[in-house]
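Enquirer: Sequence below, structure please.
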Amino acid sequence: MKKGIMLFMIILGSLRFIAAQENDSRFLDVFQEEDEMILRQNEKDTQENEENERKQEKIKEKKKLNLNLLLYGAAAANIPINFTVDSKTNLTNKTFPIGVSLHFASAVSCLTLKGNINWDFITFSDKTSMIFGGSISLGLTPIHNEFLFLGLYGTAWFDKIEDYMYISYGPSATVIFNLPKNFGVFLNCDFIYRTKEKYQGDLANPDKPRFLNSWRICPSIGISYNIIKG
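Expert: So this is what the prediction gives:
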């Protein structure tokens, strides 16, 4: 009888042990499956992040490429400085040199055309309360992408001071830092030399054109708007 009871207890214990092993095995299988699912999800997330990074890099690289066609309009404030190396000529102004200007700049491939009109509010004498002028420029643009525009020009400038119309030539440069929604920060500087004059007054013996052979250096800063981009 006792042997039968012991044998029954041994068999029952063995069955419990086997059942416990099976449960442990099932638990480990479930745990391993969860680990594999997490690992697959992490790999998927990593691949998606890498793909997004590659897309962002492609977008950045594309924005760095030069565009084929551009047209800007801009309004700016000026600080026009007029001077001459001739000690006999007096160009001292009676007011702070300030002005305003309107600009346009276009680019087709690497060629660029620029123009502007200016109003300089400088008083040199009783005859000069405002100087009106304008320019046309042709040049090259080595950089003209969605971030930056750089133009280097040869410029012809025309302005009327007192009773004379002056024609000037010289270099100029334009930089535009593009902002969102087609706006940008506009920087420009003209460096020109007055080489010719034409009298437009009524006097038979006019005064000497004192601005002939003088320099005009005019830095400008303002806001631009990208009208055409393609």
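Enquirer: Can you verify residue 53 is assigned to a strand?
Expert: No. With DSSP: H, G, I helix; E, B strand; the rest coil as the criterion, residue 53 is located in helix rather than a strand.
Enquirer: and it, how many neighbours does it have?
Expert: Residue 53: 10 surrounding residues under other CB atoms under 10 Å. Heads up, the C-betas are built off the backbone N, CA and C, glycines and all.
Enquirer: Report the secondary structure element holding residue 154.
Expert: strand 148-161 (DSSP states H and E).
Enquirer: now the residue most central in space within the chain: how far from residue 186?
Expert: Of all residues in the chain, the one closest to the mean position by CA atoms, centre = their mean is residue 177, 2.2 Å from it. With distances taken as CB to CB, to the nearest Å, residue 177 is found 8 Å from residue 186.
Enquirer: ok, and for stretch 91-108, which residues are buried?
Expert: For stretch 91-108, burial by neighbour count (16 or more other CB atoms under 10 Å) applies to 91, 93, 99, 101, 103, 105, 106, 107.
Enquirer: Check stretch 208-223 too.
Expert: Of the residues in stretch 208-223, those scored as buried under the neighbour-count criterion (16+ other CB under 10 Å) are 209, 210, 211, 212, 214, 215, 216, 218, 220, 222.
Enquirer: Out of those residues, which is nearest to residue 159?
Expert: Each of those was checked against residue 159 using CB to CB; the closest is residue 216, at 7.6 Å.
Enquirer: Tell me the helix or strand right after the lowest-mean-pLDDT helix or strand in the chain.
Expert: Taking all helices and strands of the chain together, the one with the lowest average confidence (mean pLDDT, DSSP states H and E) is helix 2-64, at a mean of 65. Beyond helix 2-64 on the C-terminal side, the first helix or strand identified by DSSP H and E is strand 69-78.
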